[in-house]
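*Asks:* build the 3D model from these lines:
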Amino acid sequence: QAPLVESGGGLVQAGDSLRLSCAPSGRTFSRYAMGWFRRAPGKEREFVAAVSWSGGTTYYADSVKGRFTISRDNAKNTVYLQMNSLKPEDTATYYCAAHVGGDFTHDGGYSYWGQGTQVTVSS
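*Replies:* Model (predicted):
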């Protein structure tokens, strides 16, 4: 089983909102910074957002800044991605992962990936 489990994806219309959740299937990740990435069909996996272990610092891709909000509840061992004003170009499989070192915006700095949750935004 994947170390992290994403949920909350679905099929929505442009302008709608979704909230994704990421929770561990076993060990806790409360001391790790966490990130969300996405992969659209035929494209490379790309950075979406990251949050420090305390939740006090966040990072966003320019394409989602102002529309998406990453947060975490360490008491619940859960990381969230609130996605508002969704666009068709947000359609992708969304993955969460734990940051283990290096650049927060590069997937090479992450480990313990989830299996992903599909988000489809229709126009």
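*Asks:* C-alpha only now, for contacts and for neighbours.
*Replies:* OK.
*Asks:* which intervals of this structure have sub-threshold pLDDT?
*Replies:* Within the chain, no stretch has pLDDT under 70.
*Asks:* give me the residue at the spatial middle of it.
*Replies:* In the chain, the C-alpha nearest the mean C-alpha coordinate belongs to W36, at 2.5 Å (Cα atoms, centre = their mean).
*Asks:* pretty sure that one is touching Y95, no?
*Replies:* Yes - the criterion here is Cα atoms under 8 Å, and W36 meets it with Y95 at 5.6 Å.
*Asks:* residues in contact with the host helix or strand of the residue nearest to the centre of the chain?
*Replies:* Element membership of W36, judged by DSSP states H and E, is strand 34-39. Contacts with strand 34-39, where a contact means Cα atoms under 8 Å, 6 or more residues apart in numbering, come from 45-53, 79, 81, 92-99, 104, 107, 110.
*Asks:* repeat that for stretch 6-25.
*Replies:* Here stretch 6-25 makes contact (Cα under 8 Å, 6+ apart) with 1-5, 77-88, 94-96, 114-123.
*Asks:* distance check, the closest residue to G108 other than its chain neighbours against A2.
*Replies:* Excluding the flanking residues, the one nearest G108 by Cα to Cα, 6 or more residues apart in numbering is G102, at 7.9 Å. Taking Cα to Cα, to the nearest Å as the measure, G102 falls 22 Å from A2.
*Asks:* and what of G56?
*Replies:* G56 is 27 Å from A2, by Cα to Cα.
*Asks:* so G108 lies in a helix, does it not?
*Replies:* Yes - counting by DSSP: H, G, I helix; E, B strand; the rest coil, G108 is part of a helix.
*Asks:* count the neighbours of the nearest residue to Q1 once chain neighbours are set aside for me.
*Replies:* Distance criterion Cα to Cα, 6+ apart; nearest residue to Q1, sequence neighbours excluded, is S25 at 7.5 Å. A count of nearby residues for S25, using other Cα atoms under 10 Å, gives 12.
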